[in-house]
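Enquirer: sharing a sequence plus its predicted fold:
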Amino acid sequence: MARQSLLAVAAPVRDHAIPELEALLRTMTRAPEAPGQADPDNPIIPFGQIEGLHFLRFVLLEDPSLPDRAAYPRLPAYEPTRLMLMVDGDGSPQDLLQRLLATASEGLVRVFIHCDATVTGTNIATWMDRHRVRSAANYVNWPGRSARQ
């Protein structure tokens, strides 16, 4: 039976880098004919070449409620925009990370350098592992069914 796992990585985006990151992420879609739809053959993260992948998604997490926090002084007044990478696929989270790095380490550096200027091809695996988010729960549509099935 195939094991399906979730790999999640999240890190704050450097404020001045947000517009450039948004532009880079848009290049991974089928725009203009299908904006927002991933291009599995994009040159940055070629999703279609990663074996056992069920889905891979980059999400910018912004908090539009920050002005409302003025009424709650115990809450932080500022939350950074974070970039989250969510990967769901066959194998353990470590297996997913290794396949992702084998296929797209340079592209991952191009993306995550917007979070940390020290990210390089030699430290991307360690950096991503350090920024992993452990999930409390994970939905699997059909347990034991591989991506190929």
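Expert: Everything's here; your move. Numbers count the residues shown, from 1 in each chain.

Enquirer: could you report the pLDDT at the residue of the chain most remote from its centre?
Expert: Going by Cα atoms, centre = their mean, the residue of the chain most distant from its centre is Ala71, 32.7 Å out. Looking at Ala71, its pLDDT is 86.

Enquirer: got it, and Asn138?
Expert: 68.

Enquirer: surely Thr29 and Pro35 touch.
Expert: Yes: under the criterion of Cβ atoms under 8 Å, Thr29 makes contact with Pro35 at 6.0 Å. Placement of C-beta: from N, CA and C, glycine included.

Enquirer: more neighbours, the two?
Expert: The residue with more neighbours, out of Thr29 and Pro35, is Thr29; 15 against 9, by other Cβ atoms under 10 Å.

Enquirer: what pairs with the more buried one across the strands?
Expert: With DSSP bridges as the criterion, Thr29 is bridged to Ala38.

Enquirer: can you give me the helices for this structure?
Expert: Ranges of helices within the chain are 18-26, 93-112, 124-130, based on DSSP state H.

Enquirer: what's the closest of these to Leu60?
Expert: Smallest distance to Leu60 across the helices of the chain (Cβ to Cβ): 7.0 Å, for helix 18-26.

Enquirer: contact partners for the residue nearest in space to the middle of the chain?
Expert: Centroid-nearest residue in the chain: Leu85, 1.2 Å away (criterion: Cα atoms, centre = their mean). By Cβ atoms under 8 Å, 6 or more residues apart in numbering, the contact set of Leu85 is 7-10, 56-58, 111, 128.

Enquirer: which helix or strand in this protein has the lowest average pLDDT?
Expert: The helix or strand of the chain with the poorest confidence is strand 34-38; it has a mean of 81 (mean pLDDT, DSSP states H and E).

Enquirer: list the buried residues of it.
Expert: The neighbour-count check on strand 34-38 (16 or more other Cβ atoms under 10 Å) flags Ala38 as buried.

Enquirer: that strand packs against which elements?
Expert: strand 29-30 (3 or more Cβ pairs under 8 Å, 6 or more residues apart in numbering; DSSP states H and E).

Enquirer: go ahead and confirm Cys115 touches Val9.
Expert: No: shown here, Cys115 and Val9 do not form a contact pair, counting by Cβ under 8 Å, at 9.5 Å.
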